[in-house]
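In: next one to model:
(one chain, ligands or ions: 1)
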Amino acid sequence: MSVQPQVVSLEGIEKSKQLAAWSAVDNHVLPEHKIIGIGSGSTVPYVVERILTQGSSVNKDRIFIPTGFQSRQLIISAQLTLGDVSQYPVLDVTIDGADEVDHDLNSIKGGGACQLQEKVLAEAAKTWVMVADYRKNSEVLGTKWKQGIPIEVVPFAYVGVLRRLDSIGSPTAGLRMAKMKAGPVVTDNGNFIIDAPFPEAQMKEPAKLLTELKLITGVVEVGLFCNMAKAAYFGNEDGSVTVKWTGGRVEQISPTQ
Ligand SMILES: O=C[C@H](O)[C@H](O)[C@H](O)COP(=O)(O)O
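Out: Sure thing, here's the model as predicted:
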């Protein structure tokens, strides 16, 4: 039995997320695509919603790979076939959310602490595409997403990582604390998250900063995604969608298209 898509009429930010997700699916999830990565966050359910509208005849031959607990549940509840990246190390396409995307398609990810598995699936995909609402569309990383770069760290090493971050430009970096549990956020991989804000000068060179951060002992993965995306889709308030393509081209999809 297949799940039938239940498409409801949305407004505001949710509508913008849905517009971005639907446009990205329409352009990048093609009938011949069989191994599909599903990212994390609040925009990605609209990706699955749109994929379901492609019908059970195409979806029954597909394997869907999640980026964490949330997207795993999303795939299961949509009654799509769940797979594992160790079993399917090459994906046709992965669609994921983003916390902020700059003019070069570099992004901050990990607002939901999922960046490790997300980056594995981004690297494994022949095509990696981001979807977000207009609030995430930026020129320089850190201008809209101000809480810092999410950094996944081994619990044992977190104090040393904080000290190192202080010395390389992030004195206010801090351990992300849980909301409904005493203590820190624990990732799907059993690690901690540090949120590390950096000055604009460093954020303007995200690939350089990424390299520097990854060299810190105890860091598992950094929520900076550089030179990975083919495109980023942003749903706008007026119902249009802005698409930033790798190479700098920007496309506007009008509400009526
Ligand atoms: O760890 C979480 C992920 O990187 C999300 O894709 C990111 O936080 C965007 O989430 P949302 O679509 O809820 O803004």
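
In: tell me who's in contact with residue 39.
Out: Applying Cβ atoms under 8 Å, 6 or more residues apart in numbering to residue 39 gives the contacts 47, 67, 71, 94, 95, 96, 97, 114, 118, 121. C-beta: built from backbone N, CA, C; applies to glycine.

In: may I see those arranged in JSON lines, with distance to the ligand as well?
Out: Compiled in JSON lines, the contacts of residue 39 are given as follows (distance: Cβ to the nearest ligand atom, whole Å):
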{"residue": "47", "distance to the ligand": "10"}
{"residue": "67", "distance to the ligand": "8"}
{"residue": "71", "distance to the ligand": "9"}
{"residue": "94", "distance to the ligand": "11"}
{"residue": "95", "distance to the ligand": "10"}
{"residue": "96", "distance to the ligand": "5"}
{"residue": "97", "distance to the ligand": "3"}
{"residue": "114", "distance to the ligand": "3"}
{"residue": "118", "distance to the ligand": "5"}
{"residue": "121", "distance to the ligand": "11"}
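
In: right, and residue 62 touches residue 38 too?
Out: No: the criterion here is Cβ atoms under 8 Å, and residue 62 misses it with residue 38 at 10.8 Å.

In: these two: who's more crowded?
Out: Higher neighbour count among residue 62 and residue 38: residue 38, with 27 against 18, using other Cβ atoms under 10 Å.

In: got the phi and psi for that one?
Out: Dihedral pair for residue 38: phi -120, psi 120, per degrees, to the nearest 10.

In: one more: residue 77?
Out: phi -70, psi -20.

In: for it, give its distance to residue 10.
Out: Taking Cβ to Cβ, to the nearest Å as the measure, residue 77 falls 19 Å from residue 10.

In: same check, this time on residue 151
Out: Distance, residue 151 to residue 10, using Cβ to Cβ: 33 Å.

In: looking at these two, which one has more neighbours?
Out: Comparing residue 151 with residue 10 by other Cβ under 10 Å, the one with more neighbours is residue 151, at 30 against 13.

In: surely the more buried one and residue 193 touch.
Out: Yes: contact status for residue 151 versus residue 193: in contact at 6.9 Å, counting by Cβ under 8 Å.

In: so for the two, which residues contact both of them?
Out: Listed as contacting both residue 151 and residue 193 by Cβ under 8 Å, 6+ apart are residue 110.

In: show the residue spans covered by the strands in the chain.
Out: Here the chain has its strands, by DSSP state E, at 35-38, 63-66, 91-96, 100-101, 107-108, 125-133, 149-153, 174-175, 192-196, 219-222, 224-225, 231-235, 241-245, 250-253.

In: what helices or strands is the first one leaning on?
Out: Looking back up the chat, that one is strand 35-38. Applying 3 or more Cβ pairs under 8 Å, 6 or more residues apart in numbering; DSSP states H and E, we find strand 35-38 packed against helix 44-52, strand 63-66, helix 69-77, strand 91-96, helix 115-124.

In: wait, which of those is closest to residue 188?
Out: For those, the distance to residue 188 is smallest for helix 69-77, at 5.2 Å, taking Cβ to Cβ.

In: what's the local residue count around the residue of the stretch 1-150 of the chain found nearest the ligand?
Out: Proximity of the stretch 1-150 of the chain to the ligand (Cβ to the nearest ligand atom) peaks at residue 41, 2.5 Å away. Residues contacting residue 41 under the criterion other Cβ under 10 Å number 24.
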